[in-house]
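**Student:** following is a predicted model, sequence given first.
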There are 2 protein chains.
Amino acid sequence: MKQDPKKIGKYEILTESYLLDFNGKVPLSMIGNYLVHAASSHASECGYGFNEMAERHTAWVLSKLAIEILEYPSISEKLTLYTWIEQISRYICNRNFEIVNANGKQLALARSIWAAINIQTRRPTSLLGIGMEKFLSDKACPISTPIKIRPLSDNYATSIPYGVKYSDLDLNKHVNSIKYIEHMLDLFELDMYKTSEIKRLEVNYYAEAQYGMQLTLHKQLISEKKYNLAIRHEDKVFCRAAVTWK
Amino acid sequence: MKQDPKKIGKYEILTESYLLDFNGKVPLSMIGNYLVHAASSHASECGYGFNEMAERHTAWVLSKLAIEILEYPSISEKLTLYTWIEQISRYICNRNFEIVNANGKQLALARSIWAAINIQTRRPTSLLGIGMEKFLSDKACPISTPIKIRPLSDNYATSIPYGVKYSDLDLNKHVNSIKYIEHMLDLFELDMYKTSEIKRLEVNYYAEAQYGMQLTLHKQLISEKKYNLAIRHEDKVFCRAAVTWK
């Protein structure tokens, strides 16, 4: 018997030259966009997309994300993105990803954790009993799960102000989850991108930043090639990230 | 006899939900990315793409751009982009664009002016006698040509500092032409985007900004619904734009 093809979503992407970084590689934030695209498309096909969730007055919110890059895609590469749901609990959905190139070579793996919130109350809503369980897949994703990232110590962190702009906002009228990543990764000097690559990125999302909000972007060296990053507004943490360089 | 299909490049794009703005519309800067994508793809197919130009130690540089939007595309729209060369002179190539939706409705028209520079000297190089003339098309593009935008008067302009970041750079190791547009359009308050739309954008490019450069972004009201914008570094103008709102 054929397995339900919807259990593993499959999407093709051609890397666009205008979206490459100065090294001719797809930036990590753009890979994040690819993942969100795959997640949204698969959720829609399963009947839990943006529109279907909105009809139930709910919306998906990205809670945690971990991406490991084996090889950065470059110009005009035809990529295939796979995405599937590994686990569903009361308030949490674990969705995994694999990116392979045209030769079938694995370029990246990722794990994400999503919650569904009520649009009015912004509180989590139950994911049980709405029929999502039939889409669970046991496809392997051999990278570790995103964990809770420790707070930065105030003493040694780089701190840069950032005001939220029109181009940061997405459909939900808050800062796009991937824009958080773009702004945090801009804290690294160009020399680091010239001589090395980010191997693993982990993000914890806490709050949704709004237009005009004055944020601060923070960076701190934790150990060799490991950094913790954060985005705050006044004393509140909006987002934390952990980055491991090659 | 069949017309050479290469004279008019045709490209399909599906609008991605993660790239929409807070209104659920494709932002004007993203439409700029679509145009650059179509221009690059068509130039490659004709034998004058990024790689072929690099072999001759040359590169395309966008000099002027005008975009008129009749209707902003929204979520999951299948767009068709057409692009063709209208005119070639010694140092200038005029390339036009049309964007239509799945019903064949015209959504946008654009005109662009490109120069080819020598990669080492950064000086213009001749476009005559390299065989581009055979791709000329007389397809109509009923919008006015981008003209020279007048300097802002220093007195009344909004002025915001901006430091060039990793995410601003493209393959040419300078700020991406479309990122200039994104940063300038961020000078408008969200309320303007809530109540109106940009009908026409015109951009003049003068210089290529580099990593770490401290730029200033300027905005000035010229007449009702018309603004001039500029990007400078110290006293040098890098870019000017003119925006007409609906």
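**Tutor:** Structure's in. What do you need?
**Student:** could you say what helices and strands the lowest-mean-pLDDT helix or strand in chain A packs with?
**Tutor:** Least confident helix or strand, chain A: helix A:50-55 with a mean of 87, by mean pLDDT, DSSP states H and E. Where contact means 3 or more C-beta pairs under 8 Å, 6 or more residues apart in numbering or on different chains; DSSP states H and E, helix A:50-55 is packed against helix A:28-46, strand A:58-69. For the C-beta atoms, the positions are set from N, CA and C on the backbone; glycine is no exception.
**Student:** nearest to chain B, of the ones you listed?
**Tutor:** When the helices and strands packed on helix A:50-55 are compared for distance to chain B using C-beta to the nearest C-beta, the nearest one is helix A:28-46, at 4.6 Å.
**Student:** buried residues, that closest one. List them.
**Tutor:** The neighbour-count check on helix A:28-46 (16 or more other C-beta atoms under 10 Å in any protein chain shown) flags A:28-44, A:46 as buried.
**Student:** next: stretch A:52-69.
**Tutor:** For stretch A:52-69, by 16+ other C-beta under 10 Å, it's A:53, A:58-69.
**Student:** contact residues of chain A facing chain B?
**Tutor:** Contact residues (C-beta under 8 Å from any C-beta of the partner chain) of chain A with chain B: A:16-22, A:24, A:27, A:29, A:33, A:36-37, A:40, A:50, A:75, A:165-167, A:169-173, A:176, A:178, A:182, A:185-186, A:188, A:190, A:193, A:211-212.
**Student:** for residue A:180, see how far away residue A:143 is.
**Tutor:** Note on residue A:143: its distance to residue A:180, by C-beta to C-beta, to the nearest Å, is 21 Å.
**Student:** neighbour count winner among those two?
**Tutor:** residue A:180 (27 against 17; other C-beta atoms under 10 Å in any protein chain shown).
**Student:** and the more buried one, backbone torsions?
**Tutor:** Per-residue torsions, residue A:180: phi -60, psi -50 (degrees, to the nearest 10).
**Student:** check residue A:145 too.
**Tutor:** phi -70, psi 140.
**Student:** what pLDDT does the residue nearest to it when sequence neighbours are not counted get?
**Tutor:** In space, and not counting its chain neighbours, residue A:145 is closest to residue A:111: 5.7 Å by C-beta to C-beta, 6 or more residues apart in numbering or on different chains. On the pLDDT scale, residue A:111 is placed at 98.
**Student:** can you show me the helices along chain A?
**Tutor:** A:28-46, A:50-55, A:177-185, A:190-195 (DSSP state H).
**Student:** comparing those helices by mean pLDDT, which bottoms out?
**Tutor:** Sorting these by mean pLDDT places helix A:50-55 lowest, at a mean of 87.
**Student:** give me the residues contacting that one.
**Tutor:** Under the criterion C-beta atoms under 8 Å, 6 or more residues apart in numbering or on different chains, residues A:40, A:43, A:44, A:59, A:60, A:116, A:119, A:171, B:17, B:75 lie in contact with helix A:50-55.
**Student:** for those, work out which two are farthest apart.
**Tutor:** The span of those, defined through C-beta to C-beta, is set by A:116 and B:75 at 19.4 Å.
**Student:** neighbour count: these two, which is higher?
**Tutor:** Remark: of residue A:116 and residue B:75, residue A:116 carries more neighbours, 21 against 16, as counted by other C-beta under 10 Å.
**Student:** can you count the residues close to residue A:25?
**Tutor:** As a burial measure, residue A:25 scores 20 neighbours (other C-beta under 10 Å).
**Student:** go on, residue A:114?
**Tutor:** Neighbour count of residue A:114, defined by other C-beta under 10 Å: 21.
**Student:** equivalent analysis for residue A:51, please.
**Tutor:** 12.
**Student:** which among the residues of chain A next to chain B end up buried?
**Tutor:** Among those, those scoring as buried are A:16-22, A:27, A:29, A:33, A:36-37, A:40, A:50, A:165-167, A:169-171, A:176, A:178, A:182, A:185-186, A:188, A:190, A:193, A:211 (criterion: 16+ other C-beta under 10 Å).
**Student:** now do the same contact list for residue A:100.
**Tutor:** By C-beta under 8 Å, 6+ apart, the contact set of residue A:100 is A:79, A:80, A:82, A:106, A:107.
**Student:** one step back: which two in the buried residues of stretch A:52-69 are spaced the farthest apart?
**Tutor:** The farthest-apart pair in the buried residues of stretch A:52-69, when distances are taken by C-beta to C-beta, is A:58 and A:69, at 31.8 Å.
**Student:** ok, back up a step: as CSV, the contacts of helix A:50-55 with distance to residue B:200 would be great.
**Tutor:** CSV is the format used below for these (distance: C-beta to C-beta, whole Å):
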residue, distance to residue B:200
A:40, 32
A:43, 37
A:44, 34
A:59, 34
A:60, 36
A:116, 41
A:119, 35
A:171, 25
B:17, 26
B:75, 24
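**Student:** that older thread, which of the buried residues of stretch A:52-69 lies closest to residue A:160?
**Tutor:** residue A:65 (22.0 Å).
**Student:** got a list of what that closest one touches?
**Tutor:** Taking C-beta under 8 Å, 6+ apart, one finds A:32, A:35, A:110, A:111, A:112, A:113, A:146, A:177, A:201, A:202, A:203, A:205 in contact with residue A:65.
**Student:** now do residue A:12
**Tutor:** Residue A:12 neighbours (C-beta under 8 Å, 6+ apart): A:78, A:79, A:80, A:81.
**Student:** that one and chain B: what is the separation?
**Tutor:** Noted for residue A:12: a distance of 11 Å to chain B, by C-beta to the nearest C-beta, to the nearest Å.
**Student:** now that residue: how far from residue A:38?
**Tutor:** As judged by C-beta to C-beta, residue A:12 and residue A:38 stand 10 Å apart.
**Student:** between these two, what contacts are shared?
**Tutor:** Taking C-beta under 8 Å, 6+ apart as the criterion, residue A:12 and residue A:38 both touch residue A:81.
**Student:** closest to residue A:96 out of the buried residues of stretch A:52-69?
**Tutor:** residue A:66 (9.8 Å).
**Student:** quick check: the closest one touching residue A:113?
**Tutor:** No. Applying C-beta atoms under 8 Å, one finds residue A:66 not in contact with residue A:113, separated by 9.0 Å.
**Student:** where do the contact lists of these two overlap?
**Tutor:** Counting by C-beta under 8 Å, 6+ apart, the residues touching both residue A:66 and residue A:113 are residue A:146.
**Student:** leaving out sequence neighbours, find the closest residue to residue A:113.
**Tutor:** Nearest residue to residue A:113, sequence neighbours excluded (C-beta to C-beta, 6+ apart): residue A:64, at 4.1 Å.
**Student:** now for that neighbour: which residues touch it?
**Tutor:** So residue A:64 contacts A:111, A:112, A:113, A:146, A:202, A:203, A:204, A:205 (C-beta under 8 Å, 6+ apart).
**Student:** likewise for residue A:215?
**Tutor:** Listed by C-beta under 8 Å, 6+ apart, the contact partners of residue A:215 are A:161, A:162, A:163, A:164, A:183, A:209, A:231, A:232, A:233, A:238.
**Student:** can you tell me which of these lies closest to residue B:151?
**Tutor:** residue A:163 (26.5 Å).
**Student:** for the closest residue to that closest one other than its chain neighbours, give its distance to residue B:162.
**Tutor:** What sits nearest to residue A:163 in space, not counting adjacent residues and going by C-beta to C-beta, 6+ apart, is residue A:214, at 5.5 Å. If you measure residue A:214 against residue B:162 using C-beta to C-beta, the figure is 16 Å.
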